[in-house]
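Chemist: Sequence unavailable; structure follows:
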Ligand SMILES: Cc1ncc(C[n+]2csc(CCOP(=O)(O)OP(=O)(O)O)c2C)c(N)n1
Ligand SMILES: Cc1ncc(C[n+]2csc(CCOP(=O)(O)OP(=O)(O)O)c2C)c(N)n1
Ligand SMILES: [Mg+2]
Ligand SMILES: [Mg+2]
């Protein structure tokens, strides 16, 4: 079984899709000569040339705007925004333009593009380089949101994102780039909107996103030893959301913990929790417990950042809390 | 009893605070010579001169950035962003800069500014001029969020916002500008973070925000005739949120409907609902029902826009649905 | 790069098109006057709407040189560009009424009504400046695919101060993209005169600092606009670009239909109204014996008829069913 | 407005400051070298950090002319500006360690470590370009309050392509704000050479299109920078502004501490290293008999000692308690 890193898996996805489809181009800051600040696009310039792997100025508005225009006119751009924080510069293009293009043109426009970005929480980057706010895009119908947690998922989901005819925001977890996992040699795709049950279990459902899936898996192992059998679900996509898989699990376990790296208030955990309550309330036999970041900007200090983040201890505590009921 | 419009009430607040405190300045597109596209700032230029009432270029990044700098350096700027949609252009300044300045400087910086904006849902403005996404700012600790629903509240809250030492996002409802209500001649302030019980009641709590408060009040009247006594709570501020008032009401009624103009997924209603569930779950004797916009961009067509928006009929339906339990 | 004041008042080059051009300008004029009436007098339309009255020469001068497949990116002030590019006025009018027979099925409204992929109007945005990087992206795709297509991006003087303008122009110039940026300088952004919003001496000067060839043209003189457009479009079709045009013009009315425009000096308004682009051009055609006053009246009558029919069409059309909206968010 | 290539190599004007200036530059140099060691050799520091090695003449040339109350806005590459402006290196170092004795109590880290309100460093932002409109706002407030304060805003060549740069510069020029924009053009934004990111012929040319007086100065020649700064600061203090300075310089090392900088041509690097601003200045001082080689060695030793002490201070300091964080979000 072949093991490669999350970054390599992403690179393979890009390379395969670029080979497969001439319309796919890559653009962003440092994606070409430098191979990406986290080396995800390394080697692409050499293979595909500067026409298809395009270094841009520090112009986030234009990176996204150009990608949108190119998508309208027949290409399939993959635009990289170096840190998720910098999406805040391009929100007009992402939310007020791209997400609404198809709808407000009465279905005329098609804007098949992927915005790749990564959040750096956990890498001691401080308040302006650690933001994670996927919930914003729930409020902006018209763009899909993907949150891969493993090399396998990263590759399969990125390939599907590139083939999708809709705009896709593909949010990577910076801390995972060097993390290795099984990725087959053969080509495969993972459909957008299909959750993955990362671990089967009967007593409680842990729903975790992105980096937190790993923490959840470790917590699950420890809990198993304590005799608590948890099921770990990784929705993988926030939009579209595979509510069915979540619901089926909750029907089985009756207990839920939701884990994500965003700040608690208005987080994706609020939304997932409400969806569960609105759909399968009667099956719940304990409170839904949420494990998230607290309502603070991210502190730089390494010690404080660790305390700030969701981790396996906090997840275990949440699970045990649920079992008090 | 004096009745004035919501726009006039806002103007009075600005005028009074500008008279009271020389540090208060107003800046934005069309705020000076034109008096504001919705006439909120009319007459201010004449009274306070171009040094304090500053027309800007179409530069949303700079409007907010300049306000931030001026606030750091001792002024109390009130920056106007003409439509809430245009906040998407300035999100870096609002979220990645302003909201984090105090925290990431270790408490050194103070950035007392107000960003006034308005959302135009209900005015047939189409997808790019009708957005309402207050939930975004829940994810960005460090900025207060105010949502006035009446002329009285608008005035009292704006005055408090200007006096506050923190950044405040003050979101007006465009459809309410011409709506009249009681506003006393004498000066008054409304503290930020204090909900208002717009109507007392015993059977069910309706929590409504901004424009939806009016719809809720009309629904409440009709429900009263049907023998259902609802309590209508207007939190008025999203950050800080007066959870206590909400909790006390829920403890009394056991039933909740939450109404807001944002798109359902990831909306402020999700968060409020979860807070209720996390705090007073045991008091609930029916599902929390949410009345929001559907997961679509806003359609232009006047007929479709009406169907798109929360209204009293939808609220009544939600209340009756709750009573099925 | 160079800044050139373009004057190309020769009628010769547009001979075949000369009456067509007048008709197009008139169609825009009469369409917009009717729209204004539908808002202000008849109360049949609501919402924001920004008329193209007085700027007709620019849209027509450019679009008369474009092929159907060539691409426009425009703004909320888009009716004129749409008509000049060949979009059906029936669909356009229906869009203003929010009907499902509209260009955008009634979901866009006046500010996006121009969007008509079939006729190459790929985008009309209501956010000032936002179309500029998008147009650059379209040009990039055309260049990449070796399509000999021309992209023309229209925007106003107010857009020049947005971050999107700066980032988009820099990239278009840096990558030498086949696109023409046309800034319709009507000297006002809402009530704000350009002297109050832009530090540079002129739009042309600012644009040329990006290392782009810039042309200043009288936007009320359709012959000059046409001839300039012809030259630039030819170049861009052959892969040379980008270009920037500052077309100086004036709004006959307020910013939007509801704006009486009182902030403008009466003398200034009067001076510009005397330079009505249709009147100037019509007089020229008559002087050159290409047209008679009678021809003109006939054309006007016919167009008025056509516009009335578009209203009838729009009024009779249905609204989309709300449930259909769910099928229009995603591909 | 004009673009002027500034050369002011006269030592006279800085006589009293001349040794102080060397000391400041050396303090920055040695501080940064130690920081690099703490990251790469000792592994005692983590996270992103961007050293000021090679650019010392710019910060020192400017800040030596500023009063304590004058204001800086800087970026993630901010240690040099902080030191030049008088921020304690103990607090600075403690900030890099994330300790509560740091300038920002450990909440900012290297990229914001310069923020020290007491010493007039009001802001250090990690988002390229974002400080430019903020600096304009600070200048607006100073002008409004009739404070005779100077605001200096530092940023890199890469910032020139951001929307924030454009909007901020336009407003500063339009409103004639008392601020000096100093673009430290080290020719690279990460690995991207300026020729690959900017369409304009030069940063100076782009800046001057905003109707601002622009000066190009050798950023490795502290005497020129000092003299230019002195002239401009005098003017700005008297209400004349804004000004824009393109200071040409070079990073001695990679973009951040972990970047070996392999994308740069070896010859180019070599050429620039020969123009080490400290070496140039030191040689000049020795030549002019203001300093001896021995003085220099003594100064170095003393500074090294001082930097070592800052490390000791930082290491010994405590972290903030997590619960304290809740008191630092709101006033
Ligand atoms: C980013 C942004 N800011 C503000 C507005 C509000 N607004 C709409 S049109 C307009 C004036 C634009 O003027 P100009 O670019 O000169 O175009 P014109 O209307 O004259 O055609 C403004 C400020 C907007 N739509 N988008
Ligand atoms: C808006 C934004 N985009 C991208 C980045 C990532 N980034 C950090 S520094 C940098 C290069 C900046 O170069 P320059 O402005 O020349 O400053 P220098 O590092 O050379 O001092 C980039 C791209 C960022 N911090 N902010
Ligand atoms: Mg204009
Ligand atoms: Mg640089």
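Modeler: Perfect, thanks for sending it. Being a predicted model, the structure only gives us computed values, none of them experimental. Numbering: from 1, shown residues only, chains lettered A, B, ... in the order given. Ligands and ions are numbered 1, 2, ... in the order given.
Chemist: Please enumerate the strands of chain A.
Modeler: Taking DSSP state E to define them, one finds strands in chain A at A:3-5, A:24-28, A:53-55, A:76-81, A:114-119, A:144-146, A:168-173, A:180-182, A:196-199, A:204-208, A:230-234, A:237-239, A:256-263, A:289-293.
Chemist: and what of the stretch 1-150 of chain C?
Modeler: Along the stretch 1-150 of chain C, counting by DSSP state E, counting those that start in this stretch, strands occupy C:3-6, C:71-75, C:121-125.
Chemist: what is the mean pLDDT for stretch A:102-114?
Modeler: The average of the pLDDT scores along stretch A:102-114 is 98.
Chemist: Check whether that stretch comes into contact with chain B.
Modeler: Yes: applying C-beta under 8 Å from any C-beta of the partner chain, one finds stretch A:102-114 touching chain B at A:103, A:104. The way it works is simple: take the backbone N, C-alpha and C, and place the C-beta from them, glycine included.
Chemist: For that stretch, what is the distance to the chain centroid?
Modeler: Relative to its chain's centre, stretch A:102-114 lies at 23 Å (C-alpha atoms, centre = their mean, to the nearest Å).
Chemist: tell me the most buried of the strands of the stretch 1-150 of chain C?
Modeler: Mean neighbour counts were compared across the strands of the stretch 1-150 of chain C using mean count of other C-beta atoms under 10 Å in any protein chain shown; the top stretch is strand C:71-75, at a mean of 29.
Chemist: Next, the angle strand C:121-125 makes with that strand.
Modeler: Per axes from the mean of the first three to the mean of the last three C-alpha atoms, to 10 degrees, the angle that strand C:71-75 makes with strand C:121-125 is 20 degrees.
Chemist: who does strand C:71-75 touch, helix- and strand-wise?
Modeler: helix C:79-84, strand C:121-125, helix C:131-144, strand C:151-156 (3 or more C-beta pairs under 8 Å, 6 or more residues apart in numbering or on different chains; DSSP states H and E).
Chemist: Columns mean pLDDT and distance to ligand 2 on top of those, output as a markdown table?
Modeler: Compiled in a markdown table, the helices and strands packed on strand C:71-75 are given as follows (pLDDT from 0 to 100; distance: least, C-beta to the nearest ligand atom, whole Å):
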| stretch | mean pLDDT | distance to ligand 2 |
| --- | --- | --- |
| helix C:79-84 | 98 | 33 |
| strand C:121-125 | 98 | 22 |
| helix C:131-144 | 98 | 15 |
| strand C:151-156 | 98 | 24 |
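Chemist: Go through the ones you listed and name the closest to residue B:306.
Modeler: strand C:121-125 (24.0 Å; C-beta to C-beta).
Chemist: Need the residues that contact that closest one.
Modeler: Applying C-beta atoms under 8 Å, 6 or more residues apart in numbering or on different chains, the contact partners of strand C:121-125 are A:69, A:72-73, A:97, A:101, A:109, B:128, C:71-76, C:78, C:81-82, C:85, C:87, C:108, C:111-115, C:131, C:134-135, C:138.
Chemist: rerun at 6 Å
Modeler: Contacts with strand C:121-125, where a contact means C-beta atoms under 6 Å, 6 or more residues apart in numbering or on different chains, come from A:72, C:71-74, C:78, C:82, C:85, C:112, C:114-115, C:131, C:134.
Chemist: could you list every residue that touches the residue in the stretch 151-300 of chain A positioned nearest to chain B?
Modeler: Across the stretch 151-300 of chain A, the shortest distance to chain B (C-beta to the nearest C-beta) belongs to residue A:266, at 2.9 Å. The contact partners of residue A:266, taken as C-beta under 6 Å, 6+ apart, are A:135, B:135, B:138, B:139, B:271.
Chemist: For residue B:144, see how far away it is.
Modeler: 14 Å (C-beta to C-beta, to the nearest Å).
Chemist: One more: residue C:177?
Modeler: For residue C:177, the distance to residue B:144 - C-beta to C-beta - is 43 Å.
Chemist: Those two: who's more crowded?
Modeler: residue C:177 (25 against 22; other C-beta atoms under 10 Å in any protein chain shown).
Chemist: Having no further points to raise, I will conclude here.
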